[in-house]
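Colleague: everything below, folded, please.
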Amino acid sequence: MASAVPTPPAMDRPHFIGIGGAGMSGIAKILAQRGARVGGSDARASGTVAALRELGVTVHIGHAAEHLAPDATCVVVSSAIRQDNAELTAAHERGIPVVHRSDALAALMEGARPIAVAGTHGKTTTTSMLAVALTTLGLAPSYAIGGDLDAPGSNAHQGAGEIFVAEADESDRSFHKYAPEVAIVLNVELDHHANYASMDEIYESFETFAARIVPGGTLVVSADHAGARELTARVTAAGDGRPRVVTYGEAADADVRILEIVPHGLTSEVTVALAGEELTFTVSVPGSHYAHNAVAALAAGVAAGVPAHDLAAALGSYTGVKRRLQLKGTAAGVQVIDSYAHHPTEIAADLEAIRGGAGDGRVLVVFQPHLFSRTQRLATEMGEALTLADACVVLDIYPAREDPIPGVTSALIVDAAAAKGADVTAEHDKDAVPEVIAGMAKPGDLVLTMGAGDVTELGPRILSRLESFA
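Modeller: I've put the predicted structure just below:
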């Protein structure tokens, strides 16, 4: 059913190259819900592709020039699409406008009240928490998220309300395209090494993002992390009060201060001080990292005018995002959980969070490094983070869009972890992992498949092998 919100004319017949990606599929879904005739292609079939087809989207498997419809009005691409892609080449030859994913999303947010979530780490979770809570309150937000929610079951939706919640990607500076009413910056760290050469470049990029906040808008930023505090100092140094800055966290000077986080198995109870009042609410995912994400969502929603007590209660309705500590199942007394974590900070946060849910059992990790460039820069830190597991199996690097870098392999991570005393094993055959883990796991243990690549496919296979052991 088409929304009353108009579709930008240039996107009434869009073609998405790589339409199955988290960010691309979300924009395609919203356009389809607005009534656009959406087409696209992806390298392989998936659940996301099936969901798009249910919305009436035409999806081709594989990339070929003939997949581009004769009446296509634009071609939407992400930074992951190579310049020699057959469909992109055909678009150039036919003079069809090529639109970056971020420009398409920016166009969809025009006329709305955007809340954009940026920074490391937890963008998807924080965006999802806010989208679910606002939906629970009947505010009918639109949202575009880099992952599929457990509820309401999609990574994107065209709502009837004024607010548009969007995950804002800093990796390729595409978040500079947005003009949010409220912006969240969770942290500022050195990452995305193919696009940023130094921390100064990253700070400058986030300063540009903060400057895009509309007049009268608000920057919500962590008070607990050095990088975030440095950004706050830089933004406030201008002295013109634009944007208004609201800090959150456990630091004594935080505007929204976290007073206590009490774990209860795989949930937490969080108490915050906000505007002279104390609020206590439940976060239905484990660990302090996710509690901080929830408080960031709370601060942003309040900045947008949502009553704090209502929003705090509604945040408890968030039950998770696929691939963010998602329970895949239990077999032979062993829980198997999937995590998207791929940066050292994320790895450590998820392992610390999951430790509380493991009880007396062990935490066993199957880790797949993501990107050669990231491994080259952060292998030592990844190895150190993996020491928080009781045992770890490390797979080969998932290349995604990158070509190999000589001398950069997962052995760098294995060696770093072993040097810190970790029980770590290299496994070059991904298909062998279910057998390996089934031989290691005991009742009460918790298995965590971890990484941003296709390691997520191993969870069901591990469960199946565990069942055969039982």
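Colleague: was I right about A294 contacting V283?
Modeller: Yes - at 4.7 Å, A294 and V283 qualify as touching, with contact defined as Cβ atoms under 8 Å. All C-beta spots, glycine's among them, are computed from the backbone N, C-alpha and C.
Colleague: quick one, which of the two is more surrounded?
Modeller: Neighbour totals were compared for A294 and V283, and A294 leads with 29 against 25 (other Cβ atoms under 10 Å).
Colleague: could you export stretch 91-105 as PDB, CA atoms only?
Modeller: Below are the C-alpha coordinates for stretch 91-105, written out as PDB (Å, rounded to 0.1, in the frame of the first residue of the first chain):
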ATOM      1  CA  ALA A  91      23.700   3.000 -16.700                       C
ATOM      2  CA  HIS A  92      26.600   5.200 -17.700                       C
ATOM      3  CA  GLU A  93      26.300   4.200 -21.300                       C
ATOM      4  CA  ARG A  94      22.500   4.900 -21.300                       C
ATOM      5  CA  GLY A  95      22.900   8.200 -19.500                       C
ATOM      6  CA  ILE A  96      20.800   7.000 -16.500                       C
ATOM      7  CA  PRO A  97      21.600   9.000 -13.300                       C
ATOM      8  CA  VAL A  98      23.700   7.100 -10.700                       C
ATOM      9  CA  VAL A  99      22.700   7.900  -7.100                       C
ATOM     10  CA  HIS A 100      24.700   7.000  -4.100                       C
ATOM     11  CA  ARG A 101      22.700   5.200  -1.400                       C
ATOM     12  CA  SER A 102      23.300   8.100   1.000                       C
ATOM     13  CA  ASP A 103      21.800  10.600  -1.400                       C
ATOM     14  CA  ALA A 104      18.700   8.400  -1.900                       C
ATOM     15  CA  LEU A 105      18.200   8.100   1.900                       C
END
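Colleague: overlap in contacts, A294 and V283.
Modeller: Here A294 and V283 have 270, 315, 318 as joint contacts, going by Cβ atoms under 8 Å, 6 or more residues apart in numbering.
Colleague: so the first one lies in a helix, does it not?
Modeller: So the one you mean is V270. No - under DSSP: H, G, I helix; E, B strand; the rest coil, V270 sits outside any helix and is assigned strand.
Colleague: list the contacts of it.
Modeller: 258, 260-262, 280-283, 291, 294-295.
Colleague: chain neighbours aside, what residue packs nearest to it?
Modeller: Here the nearest residue to V270 in space, its sequence neighbours aside, is A291; by Cβ to Cβ, 6 or more residues apart in numbering that works out to 4.8 Å.
Colleague: how many neighbours does that neighbour have?
Modeller: A291 has 26 nearby residues by other Cβ under 10 Å.
Colleague: do S468 as well
Modeller: Neighbours of S468 under the rule other Cβ under 10 Å: 11.
Colleague: host element of it?
Modeller: Using DSSP states H and E, the element containing S468 is helix 458-469.
Colleague: swap in T126?
Modeller: helix 123-136.
Colleague: on that earlier part again, can I get the contacts of V270 in CSV with distance to G444, pLDDT and secondary structure?
Modeller: Formatted as CSV, the contacts of V270 follow (distance: Cβ to Cβ, whole Å; pLDDT from 0 to 100; DSSP: H, G, I helix; E, B strand; the rest coil):
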residue, distance to G444, pLDDT, secondary structure
I258, 31, 98, strand
E260, 29, 96, strand
I261, 25, 93, strand
V262, 23, 90, strand
T280, 31, 96, strand
F281, 30, 96, strand
T282, 26, 93, strand
V283, 25, 92, strand
A291, 25, 93, helix
A294, 29, 96, helix
V295, 32, 98, helix
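Colleague: kindly reformat the residues you listed as CSV containing distance to P97.
Modeller: What follows is these, written out as CSV (distance: Cβ to Cβ, whole Å):
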residue, distance to P97
I258, 46
E260, 52
I261, 48
V262, 53
T280, 51
F281, 46
T282, 47
V283, 43
A291, 44
A294, 40
V295, 41
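Colleague: just name the closest of those residues to G159, please.
Modeller: When the contacts of V270 are compared for distance to G159 (Cβ to Cβ), A294 comes out closest, at 20.9 Å.
Colleague: pull the contacting residues for that closest one.
Modeller: Applying Cβ under 8 Å, 6+ apart, we find A294 in contact with 126, 129, 270, 281, 283, 315, 318.
Colleague: over to D338?
Modeller: Neighbour list for D338: 322-323, 325-326, 328, 448-450, 456, 459 [criterion: Cβ under 8 Å, 6+ apart].
Colleague: again, only this time at 6 Å
Modeller: 323, 326, 328, 449, 456, 459 (Cβ atoms under 6 Å, 6 or more residues apart in numbering).
Colleague: you'd agree A331 is up against R461?
Modeller: No - counting by Cβ atoms under 6 Å, R461 is not a contact partner of A331; they are 11.1 Å apart.
Colleague: pretty sure L378 is in a helix, no?
Modeller: Yes - using three-state DSSP, the secondary structure at L378 is a helix.
Colleague: three-state assignment of T449?
Modeller: Classification of T449 using three-state DSSP returns strand.
Colleague: which residue, other than its chain neighbours, is closest to S102?
Modeller: Spatial nearest neighbour of S102, excluding adjacent residues (Cβ to Cβ, 6+ apart): S174 at 3.3 Å.
Colleague: what about the one you found, neighbour count?
Modeller: If we define neighbours as other Cβ under 10 Å, then S174 has 19 of them.
Colleague: repeat for Y178
Modeller: Residues within reach of Y178, counting by other Cβ under 10 Å, total 21.
Colleague: same deal with T247?
Modeller: T247 sits with 20 neighbouring residues when counted by other Cβ under 10 Å.
Colleague: can you list the weak-confidence ranges in the stretch 101-250 of the chain?
Modeller: Scanning the stretch 101-250 of the chain for pLDDT under 70 picks out 147-153, 192-194, 241.
Colleague: surely Y248 is within a strand?
Modeller: Yes - Y248 forms part of a strand when assessed by three-state DSSP.
Colleague: quick one: contacts for the nearest residue to it once chain neighbours are set aside?
Modeller: Excluding its sequence neighbours, the residue lying closest to Y248 (Cβ to Cβ, 6+ apart) is V256, at 4.0 Å. V256 sits next to 248, 272, 274, 299 when contact means Cβ under 6 Å, 6+ apart.
Colleague: least confident of these?
Modeller: The member of these with the lowest pLDDT is L274, at 95.
Colleague: ok, that residue to R374 distance?
Modeller: Distance, L274 to R374, using Cβ to Cβ, to the nearest Å: 36 Å.
Colleague: who has more neighbours out of these two?
Modeller: Using other Cβ under 10 Å as the criterion, L274 and R374 rank with R374 on top: 23 against 20.
Colleague: starting at the chain centroid, how far to the helix or strand where V117 lies?
Modeller: Using DSSP H and E, V117 sits within strand 113-118. On the basis of Cα atoms, centre = their mean, to the nearest Å, strand 113-118 is displaced by 14 Å from the centre of the chain it belongs to.
Colleague: mind giving me the packing neighbours of it?
Modeller: Contact partners of strand 113-118 among helices and strands, from 3 or more Cβ pairs under 6 Å, 6 or more residues apart in numbering; DSSP states H and E: helix 123-136, strand 163-167, strand 182-185.
Colleague: what residues does that strand touch?
Modeller: Residues outside strand 113-118 that contact it (Cβ under 6 Å, 6+ apart): 123, 126-127, 162-168, 170, 175, 178, 180-185, 300.
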